[in-house]
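Asker: no sequence on this one, just coordinates:
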Ligand SMILES: Cc1cc2nc3c(=O)[nH]c(=O)nc-3n(C[C@H](O)[C@H](O)[C@H](O)COP(=O)(O)O)c2cc1C
């Protein structure tokens, strides 16, 4: 069975991006879904000095090991001041030092959501520009605006958005 990793690119315990990534992963069938919570992988703030003294932190090595096993990734980005959340950026920087092909040339779905009308489109654009250089085979992307209006009781209630998401999941299924 294929292993797909979902990542809410946030360290919030109530992360709406973690909810969206896991919901999207749940639309796949016959899949071993590995739900990554960045809080489970502790790492200090990236510093070249820490790295030269101690090497990679245990949390980064563990996360890298899990990534090694994956057949694809569904990542949803929290947008903080128009950019990656610090927690994700930190993990991404550490991972990139272990293996620059962070996403291993595997299929990746990129998502973002926020309570606002742009739905994290700015951070999604950053990831769309950068991820191809980090080994991501991007299959599709989507931002979900106004999360709390469009997603209720564990379900995407906006029909248009649901159709778009279903299409992305179908494309992803073909790619893995
Ligand atoms: C420091 C900070 C900066 C934020 N900046 C943005 C922003 O630039 N754009 C946006 O749409 N939402 C912004 N927000 C609101 C987030 O979209 C909101 O907190 C969302 O829940 C984050 O996703 P998460 O729940 O997955 O962590 C910001 C929130 C914080 C705490």
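Answerer: Arrived safely. A quick note: this is a predicted structure, and the numbers were derived from the prediction, not measured.

Asker: just checking, what packs against the helix ranked longest in the chain?
Answerer: Longest helix of the chain, by residue count under DSSP state H: helix 159-175. Judged by 3 or more CB pairs under 8 Å, 6 or more residues apart in numbering; DSSP states H and E, helix 159-175 is in contact with helix 16-26, strand 72-77, strand 106-113, strand 136-144. C-beta here means a position set from N, CA and C on the backbone, and glycine is covered the same way.

Asker: Out of these, flag the one nearest residue 161.
Answerer: Among those, strand 136-144 comes nearest to residue 161, with 6.0 Å by CB to CB.

Asker: still on that earlier bit, how about residues contacting the longest helix of the chain?
Answerer: 24, 27-28, 72, 74, 107, 109, 137, 139-142, 144, 150, 156 (CB atoms under 8 Å, 6 or more residues apart in numbering).

Asker: biggest separation within these, which pair?
Answerer: 137 and 150 (27.6 Å).

Asker: Next to the ligand in this structure, residues from this protein, please.
Answerer: 8, 10, 12, 15-17, 78-82, 114-116, 118, 120 (CB under 6 Å from any ligand atom).
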